[in-house]
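Enquirer: this one's structure only:
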């Protein structure tokens, strides 16, 4: 079976209204991969089972795709490598040997976690590819964005920025760019 992968992901955007009280929120980074394969030419094949796991040749999960020729795997964790293989089965439930294996390493996509301290310090924690630099931008009107700082993602996959001027604004919105 020939597999083709199609990637999905989310680019995150963070904002906050009236940072007066203590607040913490996380913007989810749901990622997925879609695997597609050629339909079997064997007329006795009635469906496909897809197997995956965190180690080559060790498949800890199985999903029955029925007679579909693609499957999306949601909720994948950034930075993790997944290994996939498939089998066909017939109406008696007899399965073929595993297909060739494909692997997919989920990229670490940019994301923002934010919190406001009781003293109104606004702390953004930016995640993304190690070594990547992001501009932290702020606005009050969604028209004029000002770069208020930069962060470079460290070896942990994240870096923090504190907006010490947040208390000076009744409303402030944030985004990362990079």
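Expert: Noted; the coordinates are in hand. Since we're looking at a predicted model, the values are computed, not measured. Numbers count the residues shown, from 1 in each chain.

Enquirer: pLDDT weak spots in this protein?
Expert: Scanning the chain for pLDDT under 70 picks out 1-30.

Enquirer: and the residue nearest the centre of the chain, bridged to which residues?
Expert: Among the residues of the chain, residue 31 comes closest to the average C-alpha position under Cα atoms, centre = their mean, at 3.3 Å. In this structure, residue 31 bridges to residue 76 when assessed by DSSP bridges.

Enquirer: which helix or strand contains residue 108?
Expert: Using DSSP states H and E, residue 108 falls within no helix or strand.

Enquirer: which ones are touching the spatially closest residue to it that is not a sequence neighbour?
Expert: Of all residues not flanking residue 108 in the chain, residue 78 sits nearest, at 4.1 Å (Cβ to Cβ, 6 or more residues apart in numbering). Every C-beta, even on glycine, is put in place using the N, C-alpha and C of the backbone. Residue 78 makes contacts with 29, 31, 106-109, 127, 157, as judged by Cβ atoms under 8 Å, 6 or more residues apart in numbering.

Enquirer: most neighbours, which of these?
Expert: Each of the contacts of residue 78 was scored for neighbours by other Cβ atoms under 10 Å, and residue 127 scores highest at 23 neighbours.

Enquirer: residue 158 is in contact with that one, correct?
Expert: Yes - with contacts counted by Cβ atoms under 8 Å, residue 127 reaches residue 158, the gap being 4.5 Å.

Enquirer: next, count neighbours for the closest residue to residue 39 other than its chain neighbours.
Expert: Of all residues beyond its chain neighbours, the one nearest residue 39 is residue 69 (5.2 Å), with distances taken as Cβ to Cβ, 6+ apart. Here the number of neighbours of residue 69 (other Cβ under 10 Å) works out to 14.
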